[in-house]
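*Asks:* Generate a structure from the sequence data that follows.
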Amino acid sequence: MNVCTTQLADLPMITIEGEVDHSATAELQAAVDAAMTGDTESVLLDLGECTYIDSGGISVILGTFRRVRENGWLGVVAPNSNVRRLFEIVGLTVDDKFRIFGDRAEAERSMGASAG
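*Replies:* Numbering: from 1, shown residues only. Got it, this is the predicted structure:
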């Protein structure tokens, strides 16, 4: 797994490439913790190059969702169909504080629309 943190609009975006399994959860958690500094209330996960997430990865994502849910939201960008299905199974997709975007451009447009 490779993790890189950048910005999209004014939000931190963590790009994940490869497989998120138990051996990678500490690295992913560290990236989330680093991104969630100060008054950051929302975060994006770019999963366009993420091929697999196991229960350890889901645990980190659920924990991140709990952190942002009260005052912000968690967005995922370009999850593949298997990862999207996993989010459906654990119930994330029924909450409006969990947002799925088809690509970065859609995420950026959505943030612009909600700001205006």
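
*Asks:* residues in contact with residue 24?
*Replies:* 1, 18, 56, 57 (Cβ atoms under 8 Å, 6 or more residues apart in numbering). No exception for glycine: its C-beta is placed from N, CA and C like everyone else's.

*Asks:* And residue 110, by the same measure?
*Replies:* Contacts of residue 110 (Cβ under 8 Å, 6+ apart): 99, 101.

*Asks:* returning to that earlier point: any quick PyMOL command for the buried ones out of the contacts of residue 24?
*Replies:* In PyMOL, this line selects whichever of these come out buried by 16 or more other Cβ atoms under 10 Å:
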select buried, resi 1+56+57
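
*Asks:* could I get the contacts of residue 24 as JSON lines with distance to residue 82, pLDDT and secondary structure?
*Replies:* Listed next are the contacts of residue 24 as JSON lines, based on distance: Cβ to Cβ, whole Å; pLDDT from 0 to 100; DSSP: H, G, I helix; E, B strand; the rest coil:
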{"residue": "1", "distance to residue 82": "16", "pLDDT": "95", "secondary structure": "coil"}
{"residue": "18", "distance to residue 82": "14", "pLDDT": "97", "secondary structure": "strand"}
{"residue": "56", "distance to residue 82": "16", "pLDDT": "96", "secondary structure": "helix"}
{"residue": "57", "distance to residue 82": "12", "pLDDT": "96", "secondary structure": "helix"}
